[in-house]
Structures are given as structure tokens and as C-alpha cells.
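> would you be able to build a 3D model of this:
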Amino acid sequence: SFTLQPQTVDPSLFPATDHSYGPKDAKHVVRIFSDFECPFCKRFAEDVMPQLKTVLLGKGDVRVEFHYFPLKSIHPNAMSAAEAAECVTAANDPAAFWTYHDALFASQSDWAALQDPVDALVKVAADAGLKTDGVATCIRDGTYSNTVEKAYQAATQGLQLSGTPTIFVDDLKVGDYTKLASFTRLFTLSDALRASAGGASAGGNSAGTAGSSAGSSQ
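Now for the predicted structure:
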């Protein structure tokens, strides 16, 4: 006999982030690894994220996290955009991150191809009604370059991700992230896996070696 298990990710590999919404002790966590210059990330942010906010915030047991994953080799301004997001947030408040997040994707064509995007990135914040005092200097000085680079390394080295957006529900990778049903299905699967793990642990403690005759295959 054998057991089939969905491929999961070691939760310890997920980095911390300052950018999330939903309760800190949420039962489920949606982790979004994204690149502000990525057209597929733009599509996700504009088409799917609003649905996630409407449906998931209503559940009350889900937290959504944003993680920087700038694809530096193909998106030359992605690092600057991520650093700008940190600078703008620091100049305003934590909620400003999501306002700027939406504005960056909405204006992607205005700054993505520029040789020097800093002024344009500052303008995006100003047009969104956010404070921009010191933001240009913050970006040019690389104040948050280590923060973004650390997030990039966690995505590429720890999680070994290669494309954006890459999204997880708990420790399960979302396949078709364009459909809300993919997320709700993984919530159900994650609950089932947790229940199974709890049952297996309890059964192992009470049944001794009763299950040792059955082989397993990953």
C-alpha cells in the first residue's frame, strides 16, 4: 500500500514581512511573492486581489502577506520599485504600502522602461495622495536595498522560486492563481492535511506499531 501526499513547503522557509492584512493569528496565510514590474503580477493585483480582499477579509481567519521578489535579471527597475515601496511606507504609515502597491501596478507602463525611474516612482506616490518627503533621497541612497535583497534571497535561495507571481496558501503552492476557486480549494485541503496529521499523531501514540506494516511513498 502507499500514501499520496501533496507537495508542501517547510513553513520555516517563509520569510517575515511587514506588509500584510488580516489577523496576525489567522488560521490560514496567503503569501504572495511578487514583482512590481511583472505584467502577470499586475494582472493578479488588479483582477484577483480585490476578490481576495472581499472574500478573505470576510472570513476573518485569513492573513494575506506581500513578499518582494524582484526579478532583477529581466526587470531592471523592479528593485527600485520595491525600495520605493519601503521608502513611501516609512514616510507615511503601514497602510500606505497597499495604496502604493496598487498605484505602482496601475502606473507600471509609466516607470518600468525608464533608465532612471526614481522621479517617476515618487510621482506615483504623490498622485496617490501619499507624502513624499525624503522619498527620492531614500531610494537613491539605497536605504532599504538590504531589506529588498534579503527578501529576494529568501525567495530564490530558501524557497528556490523562479517566477512571479508565486503564491502559497499555508504551505501549499497555488496552481492557477487567476481563479478564486484555487484558493478556497487549498484552504479545504490545508484543513484536511492538518486534521490528518493530527489524527496520525494521535493514532501513532495509541496504536504503537499497528501501522508499521504499511509502506509509504512520497
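> look up how far Tyr152 lies from Val169.
Counting by Cβ to Cβ, to the nearest Å, the gap from Val169 to Tyr152 is 22 Å. Every C-beta, even on glycine, is put in place using the N, C-alpha and C of the backbone.
> what stretches of this structure score poorly on pLDDT?
Counting by pLDDT under 70, the low-confidence segments of the chain come to 1-5, 199-218.
> nearest residue to the middle of it?
In the chain, the residue lying closest to the centroid (Cα atoms, centre = their mean) is Ile32, at 1.8 Å.
> assumed it was part of a strand.
Yes - the assignment for Ile32 by DSSP: H, G, I helix; E, B strand; the rest coil puts it in a strand.
> can you pull out the strands in the protein?
Under the criterion DSSP state E, the chain carries strands at the ranges 20-21, 28-34, 62-68, 166-169, 172-173.
> and the contacts of the last one?
Think strand 172-173. 6-9, 166-167, 186, 189-190 (Cβ atoms under 8 Å, 6 or more residues apart in numbering).
> would you show me how to pick out the buried ones of these in ChimeraX?
Buried subset of the contacts of strand 172-173, written as a ChimeraX selection, criterion 16 or more other Cβ atoms under 10 Å:
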select :9,166,167,186,190
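> residue contacts, Leu56?
Shown in contact with Leu56 (Cβ under 8 Å, 6+ apart): 22, 30, 62, 64, 183.
> got a winner among these for most neighbours?
Highest neighbour count within those: Val30, with 23 neighbours (other Cβ atoms under 10 Å).
> what's across from that one in the sheet?
Residues in a beta bridge with Val30, per DSSP bridges, are Val64, Val169.
> show me what contacts it?
Neighbour list for Val30: 52, 56, 62-65, 167-169, 183 [criterion: Cβ under 8 Å, 6+ apart].
> kindly report the same for Arg31.
Residues counted as contacts of Arg31 (Cβ under 8 Å, 6+ apart) are 14, 65, 67, 167-168.
> make TSV out of the residues you listed and add distance to Ile74.
As requested, the contacts of Arg31 are exported to TSV (distance: Cβ to Cβ, whole Å):
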residue	distance to Ile74
Phe14	24
Glu65	24
His67	18
Ile167	19
Phe168	22
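> farthest pair in these?
Within those, Phe14 and Ile167 form the most distant pair, 12.0 Å apart (Cβ to Cβ).
> and the helices in the chain?
Here the chain has its helices, by DSSP state H, at 39-47, 49-59, 78-91, 96-106, 108-111, 118-127, 135-140, 145-153, 180-207.
> those: which one's closest to Ser162?
Nearest of the helices of the chain (Cβ to Cβ): helix 145-153, 12.1 Å.
> with just CA atoms, put the closest one into PDB.
Below are the C-alpha coordinates for helix 145-153, written out as PDB (Å, rounded to 0.1, in the frame of the first residue of the first chain):
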ATOM      1  CA  SER A 145      18.300  47.900  -0.500                       C
ATOM      2  CA  ASN A 146      19.300  45.300   2.100                       C
ATOM      3  CA  THR A 147      15.700  44.800   3.100                       C
ATOM      4  CA  VAL A 148      14.700  44.000  -0.500                       C
ATOM      5  CA  GLU A 149      17.800  42.000  -1.300                       C
ATOM      6  CA  LYS A 150      17.100  39.800   1.800                       C
ATOM      7  CA  ALA A 151      13.600  39.200   0.600                       C
ATOM      8  CA  TYR A 152      15.000  38.300  -2.900                       C
ATOM      9  CA  GLN A 153      17.500  35.800  -1.400                       C
END
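> fine, thanks again, bye for now.
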